[in-house]
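**Student:** Predicted model follows, preceded by the sequence.
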Amino acid sequence: MLKGQDMKKGLSTQRNNSIRPVGAQGDLRSVVTLVAVLVSLVAIVFGSIYSFAKAIKDGENTDPSNGNVSDAAKIPADITVLSEENLQKIEEFNLQLSLLDERIVEIDGNIEKNKATPEEKIAHKSLYDEKASLLLEKLALCKTYKDTCVTWAQETRDLLAEPIGEYEKYYEMYKERLSLMYEIGLPSSGDVFESSKTVMDLVMGNFYIGDIERYDEELAKKVAELYGVVEDGLGNVKYYLAMSETYADLHKKTEEDFFDTVNKGYKYLSDKTLDPDCYNLLVNMLPGEVQSMKKLVSEARDKADIKPSASVKYAFPASESLFYTDYIETAHGSRYVWSEALGKYVNLFHSGIDISTSDSLSDVLACADGTVIYSGYYGLRGYTVVLLHKNGVATVYSGCSSTAVSLGDTVSLGDKIAVSGMSGNAQYFGFTLEMFDQSGSVDPAEHIKMPDVSLG
């Protein structure tokens, strides 16, 4: 039987012997325990990595500046480079102008040829009129192209508004990032290793550094991309405006050529430069011109559905604000014209009313609803438009620089049908208005309300 003190000692020895490894069995248990600890540690680390990677994927903790680079405005694709469509149009513009210039050069060559007979000299005037008409067409094209390029420039500016705003925003963010990096320095992986107290600190530190670097690279790429878009767009604006200036300069030069051609044509067919035989031929041709027009109207009237009793509303064929106060130069009927060549006054029947425009290239308007039965160059009348109205009356607009309608067109009161000028045997800028009914030439002033001015 053991005493109490000996009993306590025996129990203690027994307890210690029960938990102490014995031989190889004890070593195995130690290894298993260590492996379990390492597995737990690895599980914790990889669990943290997975959670952090998922956060990155979900867009969390990816932007040190609390922004998101991927949310930048969508860049308009049509201003990243000079629009191919616009380039093609500019090529077409220049091609049209080149074709016109070829025709003008060809006419210049014909003008240089000597005209011997009176008939040839009178017909020669049509070459100046044709050249003037082509120059007028070129003027219109230059204005259209100039305005189109200005429109493209404005449209490009509008498209650039959002990219410029985005560029400024991200550029400011980029500058702030560079400033921050300069102030605190960007730690390296070695810095993180030295400062890490645990494996978790090391892993998370390197992940954070990598995330910052990715963010900075993305931000720098976005800034560069937006800068390229803005530079390309501004380059387009500059190009369009430069082309607009080119067409404006060409318009100015063409306008000078136009008036020079018109003046040369006028001098060529004026009394002071023609010999008596040529002038007599010109005077003798005028009545025939009136009869020719009467025949043209009569043939068109026979083919049309005419109602002589139909009511037709007439109006003055141009905007009164575009004319001089004394713009009605000559009235319908007989008039005496001094001839330098013949040395006397010649009585010529005037079949219309001459209207002189203060704006050399103003619109000629239809004085009533009607159908175009002629549009083009008509002998001594020059560029002419003839309208047949439903009551059988025809109105003739001649001496124009160009026509704006085609044979068979239907026009309404006030529609533009031509541009005023000085073609044919006209002696000043404007146009001549004539009217023909079933009996022949009639005075337009009897049917159309004229402005309150005296007739010459």
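**Tutor:** Now that the structure is in, tell me what you want to look at.
**Student:** Verify the assumption that residue 374 is located in a strand.
**Tutor:** Yes: according to DSSP: H, G, I helix; E, B strand; the rest coil, residue 374 belongs to a strand.
**Student:** any idea how far the nearest residue to it once chain neighbours are set aside is from residue 436?
**Tutor:** In space, and not counting its chain neighbours, residue 374 is closest to residue 386: 3.9 Å by Cβ to Cβ, 6 or more residues apart in numbering. The C-beta positions use only the backbone N, C-alpha and C, and glycine is treated the same way. Distance, residue 386 to residue 436, by Cβ to Cβ, to the nearest Å: 9 Å.
**Student:** Can you check which residues contact both of those two?
**Tutor:** 293, 297, 394, 396 (Cβ atoms under 8 Å, 6 or more residues apart in numbering).
**Student:** just the helices in the stretch 251-400 of the chain please.
**Tutor:** For the stretch 251-400 of the chain, the helices defined by DSSP state H, counting those that start in this stretch occupy 276-303.
**Student:** got it, and the stretch 101-250 of the chain?
**Tutor:** Under DSSP H, counting those that start in this stretch, the stretch 101-250 of the chain gives helices at 118-184, 189-195, 199-269.
**Student:** Packing partners of the first one?
**Tutor:** Counting contacts by 3 or more Cβ pairs under 8 Å, 6 or more residues apart in numbering; DSSP states H and E, helix 118-184 packs against helix 84-111, helix 199-269, helix 276-303, strand 370-377, strand 402-403.
**Student:** who are the neighbours in contact with the closest residue to residue 147 other than its chain neighbours?
**Tutor:** Residue nearest to residue 147 in three dimensions, not counting chain neighbours: residue 244, with 7.9 Å by Cβ to Cβ, 6+ apart. Residues near residue 244 by Cβ under 8 Å, 6+ apart: 145-147, 149-150, 153.
**Student:** per-residue pLDDT, residue 244?
**Tutor:** Residue 244 is assigned 95 on the pLDDT scale.
**Student:** What of the one 5 residues further on?
**Tutor:** The predicted structure scores residue 249 at 96 on the pLDDT scale.
**Student:** measure it to residue 142 for me?
**Tutor:** Here the criterion is Cβ to Cβ. By it, residue 249 lies 9 Å from residue 142.
**Student:** Those two - which one has more neighbours?
**Tutor:** The neighbour count for residue 249 versus residue 142, taken as other Cβ atoms under 10 Å, is higher for residue 142 (22 against 12).
**Student:** you'd agree that one is up against residue 254?
**Tutor:** Yes: here residue 142 lies in contact with residue 254, judged by Cβ atoms under 8 Å, at a distance of 6.1 Å.
**Student:** The residue nearest to residue 374: neighbouring residues, count only.
**Tutor:** Around residue 386 there are 26 residues (other Cβ under 10 Å).
**Student:** Select from the helices of the stretch 101-250 of the chain the stretch with the lowest mean pLDDT.
**Tutor:** Looking over the helices of the stretch 101-250 of the chain, mean pLDDT reaches its minimum on helix 189-195, with a mean of 58.
**Student:** Poorly predicted segments of the stretch 251-400 of the chain, please.
**Tutor:** Along the stretch 251-400 of the chain, segments meeting pLDDT under 70 span 270-274, 320-350, 358-360.
**Student:** what comes up buried for stretch 411-423?
**Tutor:** 411, 415, 417-423 (16 or more other Cβ atoms under 10 Å).
**Student:** so which of the residues you listed comes closest to residue 402?
**Tutor:** Checking the buried residues of stretch 411-423 against residue 402 with Cβ to Cβ, the nearest one is residue 419 at 5.0 Å.
**Student:** Local confidence estimate at the closest one?
**Tutor:** pLDDT, residue 419: 92.
**Student:** OK, contacts around it?
**Tutor:** Shown in contact with residue 419 (Cβ under 8 Å, 6+ apart): 136, 361-364, 400-404.
**Student:** Minimum distance to residue 283: which of the helices of the stretch 101-250 of the chain has it?
**Tutor:** helix 118-184 (10.9 Å).
**Student:** Report how many residues lie close to residue 432.
**Tutor:** Here the number of neighbours of residue 432 (other Cβ under 10 Å) works out to 24.
**Student:** Report whether it is found in a strand, as I expect.
**Tutor:** Yes: the assignment for residue 432 is a strand, going by three-state DSSP.
**Student:** I am finished for the moment; much appreciated.
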